[in-house]
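Novice: Got a predicted structure here, sequence first:
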Amino acid sequence: MHNMATTTNYGWDTPDDTDLVKDGALAMRDLGEDIDSTLYTALGGAYPGLRFIKKQTIGTGVTSVSVTNVFSSTYDNYRILIQADSSSGSSGGYFALNGVTTAYYVNAQYMGLGSSTITGTNTANVSQWNIFYFNANGTPMAAQIDLFNPFRTIRKTGFFSSQTGNGSANGNFLNNTTLQPTGFTVGKDNSETLSGGTIYVYGYGAS
Amino acid sequence: MATAKETAIQKPLIQIDDLVREMTDEEYAFYLEQQSNAPAPIGE
């Protein structure tokens, strides 16, 4: 075996400066195998950690935004970040699984900005998860959501924290169907609109 | 020949991935039905 130089931190094999070109292919293969082995060990397997799936820009004056082709058998659970830069009106906002029209439940606590009063609320057996609460117009609509099992054939659950600039809410939700949605929709009630911002979808990977 | 100009009621805009367009009649009907469960704003 040809003795090659190695890198400083991980000891990857590299050609010496004066190596002959005829061994170049072997040197590349050795280096490639070393990198592959190190990264596989460091990252813990094929789908380790939080993995980026999709970034969706929100348009101007849209009542709803559907993000498609994000849920699959690759991941059981997902982290979703929603930031709409502005919204019209003071109606609420919702999050719904595409193709799932029933059996949505939410338990939540919400507060108005600058208030210490916590109000409990729930919606039961409706057609979307109502998780955004407003009491004034034109403010951002943001949420951090953990969604469990959207694509598995069992009931779906999750947790959310949302902020609309003039209201905040925290809670948990359930969908009592065993359907397999592949995407979701974020929207505003009463035909009000969202403008600008981004939605990010990540999968919780496991080795 | 003069033609009658219809005034269509503009429906909300829906965005599906990068495509933004007006809701179809079906989509709007579904949206309105979905809205029947909307919660009240804070303080109401």
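Specialist: Noted; the coordinates are in hand.
Novice: can you map out the helices along chain B?
Specialist: B:25-35 (DSSP state H).
Novice: all strands of chain B, in order?
Specialist: B:13-16, B:19-22 (DSSP state E).
Novice: so where is chain A shaky, pLDDT-wise?
Specialist: Scanning chain A for pLDDT under 70 picks out A:1-3, A:21, A:41-47, A:135-138, A:207.
Novice: ok, now with 50
Specialist: Flagging of chain A using pLDDT under 50 yields the residue ranges A:1.
Novice: got the residues of it near chain B?
Specialist: Residues of chain A found near chain B (Cβ under 8 Å from any Cβ of the partner chain) are A:56-68, A:90-92, A:94, A:96, A:101, A:110-112, A:119, A:121, A:123, A:126-128, A:130, A:133-135, A:166-167, A:187, A:189-191, A:193. Glycine gets a C-beta too; all of them are placed from N, C-alpha and C.
Novice: Dump the strands of chain B to JSON lines, plus mean pLDDT, mean neighbour count and distance to B:Ala29.
Specialist: Listed next are these as JSON lines, based on pLDDT from 0 to 100; neighbours: other Cβ atoms under 10 Å in any protein chain shown; distance: least, Cβ to Cβ, whole Å:
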{"stretch": "strand B:13-16", "mean pLDDT": "97", "mean neighbour count": "21", "distance to B:Ala29": "13"}
{"stretch": "strand B:19-22", "mean pLDDT": "97", "mean neighbour count": "12", "distance to B:Ala29": "14"}
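Novice: and A:Tyr204, which of those is closest to it?
Specialist: Nearest of the strands of chain B to A:Tyr204, taken as Cβ to Cβ: strand B:13-16 at 25.5 Å.
Novice: Any part of the closest one near chain A?
Specialist: Yes - residues of strand B:13-16 contacting chain A under Cβ under 8 Å from any Cβ: B:13-16.
Novice: Show me what that strand is in contact with.
Specialist: Residues from elsewhere that reach strand B:13-16 (Cβ atoms under 8 Å, 6 or more residues apart in numbering or on different chains): A:58-59, A:61-66, A:68, A:193, B:20-23, B:27.
Novice: Please indicate which of these are buried?
Specialist: Among those, those buried by neighbour count (16 or more other Cβ atoms under 10 Å in any protein chain shown) are A:58-59, A:62-66, A:193, B:23, B:27.
Novice: Adding distance to A:Ile145 and secondary structure, write those residues out as a markdown table.
Specialist: What follows is the buried ones among the contacts of strand B:13-16, written out as a markdown table (distance: Cβ to Cβ, whole Å; DSSP: H, G, I helix; E, B strand; the rest coil):
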| residue | distance to A:Ile145 | secondary structure |
| --- | --- | --- |
| A:Ile58 | 15 | coil |
| A:Gly59 | 21 | coil |
| A:Val62 | 19 | strand |
| A:Thr63 | 20 | coil |
| A:Ser64 | 16 | strand |
| A:Val65 | 14 | strand |
| A:Ser66 | 16 | strand |
| A:Thr193 | 21 | coil |
| B:Met23 | 24 | coil |
| B:Glu27 | 24 | helix |
